[in-house]
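Chemist: using only what follows, build the 3D model:
(chains A and B)
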Amino acid sequence: MIPRSLRLRLLLGAAIAFFLALAAAWIAMTLLFERHIERRIEADLQREGLQLAAGVQLAGDGTLRLNRQPADVRFTEPASGLYWQVAGPRSTLRSRSLWDQELPPSDTAQGGTWTTRIVEGPFEPRLLLVERRVRPDPQGETVLLQLGHEEKSLQAARAEFGAELALFLALLWTILAAASWVQVKLGLRPLLSIRREVEALQRNPHARLDAASVLEIEPLTRAINDLADARARDLERARRRAADLAHGLKTPLAALSAQSRRAREAGAAEAADGLDRAIAAATTAVESELARSRVSAIQNAPPRSCPALPVIEAIIGVVERTEFGAQLVFETDVPEDAHVPVAEEDLMELMGALIENAARFARRRVRIGGCGSDAALETLTVEDDGPGIEPEHLSKALMRGGRLDEVGGGHGLGLAIAHDLAEATRGAMRLSRSEFGGLKITIAWPRVHAPA
Amino acid sequence: MRALVVEDDADVAADLGQALQNAGFVVDIAREGEDAWFKGNVEDYDVAVLDLGLPRMDGLSVLKHWRGAQRTFPVLILSARNDWTEKVAGIESGADDYLGKPFEMAELTARVRALVRRAAGHASPLIEVGRLVLDTRRMSASYAGRPIRLSQLEFRFLDYLAHQNGRAVSAGELAEHLYGAAEPGDSNAIEALVVRLRRKLGPEIIETRRGFGYVLAGGGA
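Modeler: Predicted coordinates:
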């Protein structure tokens, strides 16, 4: 079964591959070591053999005589594993170590060059045998020189070497596996950052993935970004359609209420009442859809900012023309170039709702103030000298839960809508009592936004 | 009294026409922008009700054309969009009032009547005091040749001072004039109004005579 974890998969793959490679290395190195030892022994035997050959004399009667015995003490110990034998035509000389045994005769040995073969030894199963024919006397007959070395010590050396090598390779395998773990971890890190960025994308649809610095991941991030763009476009289109639909319904609604009035004049008061109720319900639905669409449009827009005072003055210019605004003094205490972290059209809706609301309840004065650091405003306040809201009702005023607050005239965005708008622009709205006696509304934005 | 109704929806237009007729107006109806532009330019209306969403030429352009041609009759704009950006654009293009759709017909006729009342009733349309010129028909002002938009309250304040021939007027008297009956705290509102006017027109426009009250600059005496 293939594990589900990519990391585990890569790790397992690497560990198995390393193991196979190191096992092959172990086999090859052990073989090479064995060959090397064999060659060393052969060389030793050949050197001894040459010394032996130098001391061999063939007497006239065909008997052999050795001037000098090889020095290695193992030649004198019986069954030591190291043997020599010189076989002439009529007699044979052999080392003490051979005791009563002899080395096997040879058909393959040649003169002038050493040949090597493995034979069954006198006291051991395997014997490395080097042999050569030499002619001690240029006119005489050849004698066969043979030197043997048991293979057991060689196998022991090989086993020892193999064990040590295996230990070392196991250590190497551990290190390589650890290295590949680190590699996998580092290699998968861009995926982790992609996950974080995708999570950020979920929270803020305008965020885009930035892990494109990795060449192999770039197609993935680009695809995700394209997907996010497509989603944003779809959302925007759907939102625009909903808003268009809501706007488009307004004129037919006005026409319907004209019909209703005509019906009433013609005496169908009951039908007109029903019509009016339906119109009122449809109007409320349309208004709240528009308010919702505005709030979500703000939430999905990238952060922007605008100078506050021109917007506020423009709104005052409108409210001053309304019936309730005409008799009021509007004071502005907002620094001229100060910016707020809200897009201009959103600030217009927000402050429009608040200033209009204040103007509805004010007696003589409405004051709009702003404070913050340097050019970036953090709070805007709107206060009036109207009756205000009793302290125990202040908290309830905002709790109409995002519903359209029908404050007079059937077209007002009330405090609750202003509250939604403020929250959509990442601001917080607070109600308190003004020093003028009326309501004071404070909108505070967090400090992080820089002026545009 | 003549009124122009500009509205593309036939039902709403007929309804508006009927309501204004009942209110005593002689009503012309235009169903699209270019027709409205033409009618407003050649006829003398006392008031116009202008829908912003019109075929061929949108309401704001019609309004700008009228104002550009010095047609000064009061205009009430109607709009389905009903957002503040559009309200501000409408007022800044020269509209005098704004009503969002759908609306109560009674409110519309009341607003139209108020606009007409505001524009009428002044025998001499222009009053000059020093560098300040008050246009009593448009309820607007200019100072040193620079046009200034005034609220109704601001206009009435300046209008009252302009008629005093340089006499200093106390805050209490001004409050009584502006609000009908003065209440405690109103002098603060008057003070705030003076601050706002000084900011709009320049600090020298209204002088404070300590112990006497306010006087317009250049008003004699």
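Chemist: per-domain residue ranges of chain B.
Modeler: Per the record, chain B has its domains at B:2-119, B:126-216, by automatic domain parsing.
Chemist: now do the end-to-end distance for the longest one.
Modeler: Right, the one you point to is domain B:2-119. Distance across domain B:2-119, first residue to last, is 13 Å (Cα to Cα, to the nearest Å).
Chemist: do it and chain A meet at all?
Modeler: Yes: judged by Cβ under 8 Å from any Cβ of the partner chain, domain B:2-119 comes into contact with chain A at B:9-12, B:14-15, B:53, B:80-85, B:87-88, B:90-92, B:96-98, B:100-105, B:107, B:111, B:114. C-beta: built from backbone N, CA, C; applies to glycine.
Chemist: hey, where'd the strands end up in chain B?
Modeler: Here chain B has its strands, by DSSP state E, at B:2-6, B:26-30, B:47-51, B:75-79, B:97-100, B:126-129, B:132-135, B:140-143, B:146-148, B:206-209, B:213-216.
Chemist: can you tell me if the last one touches chain A.
Modeler: No: contact between strand B:213-216 and chain A, assessed by Cβ under 8 Å from any Cβ, is absent, since the two come no nearer than 14.0 Å.
Chemist: restricting to C-alpha, output that strand in PDB.
Modeler: In PDB, the C-alpha atoms belonging to strand B:213-216 read as follows (Å, rounded to 0.1, in the frame of the first residue of the first chain):
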ATOM      1  CA  GLY B 213     -22.900  91.400  18.400                       C
ATOM      2  CA  TYR B 214     -22.100  90.700  14.800                       C
ATOM      3  CA  VAL B 215     -21.900  92.900  11.800                       C
ATOM      4  CA  LEU B 216     -21.200  92.300   8.100                       C
END
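Chemist: circling back: please identify the most buried of the domains of chain B.
Modeler: domain B:2-119 (a mean of 20; mean count of other Cβ atoms under 10 Å in any protein chain shown).
Chemist: returning to what we had before: can you add mean pLDDT and distance to A:Arg195 and give the strands of chain B back as TSV?
Modeler: Output for these, formatted as TSV (pLDDT from 0 to 100; distance: least, Cβ to Cβ, whole Å):
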stretch	mean pLDDT	distance to A:Arg195
strand B:2-6	93	58
strand B:26-30	92	61
strand B:47-51	93	53
strand B:75-79	90	47
strand B:97-100	86	47
strand B:126-129	81	72
strand B:132-135	84	67
strand B:140-143	82	62
strand B:146-148	83	59
strand B:206-209	88	66
strand B:213-216	88	69
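Chemist: mind putting the ones you listed into TSV with distance to A:Arg304?
Modeler: TSV is the format used below for the strands of chain B (distance: least, Cβ to Cβ, whole Å):
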stretch	distance to A:Arg304
strand B:2-6	35
strand B:26-30	39
strand B:47-51	31
strand B:75-79	25
strand B:97-100	26
strand B:126-129	44
strand B:132-135	38
strand B:140-143	33
strand B:146-148	31
strand B:206-209	38
strand B:213-216	42
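Chemist: pull out the buried residues from stretch A:180-195.
Modeler: A:180, A:184, A:190, A:193-194 (16 or more other Cβ atoms under 10 Å in any protein chain shown).
Chemist: can you name the residue of the stretch 151-300 of chain A nearest chain B?
Modeler: Across the stretch 151-300 of chain A, the shortest distance to chain B (Cβ to the nearest Cβ) belongs to A:Ala258, at 3.3 Å.
Chemist: if anything else comes up later, I'll come back, but that's it for now.
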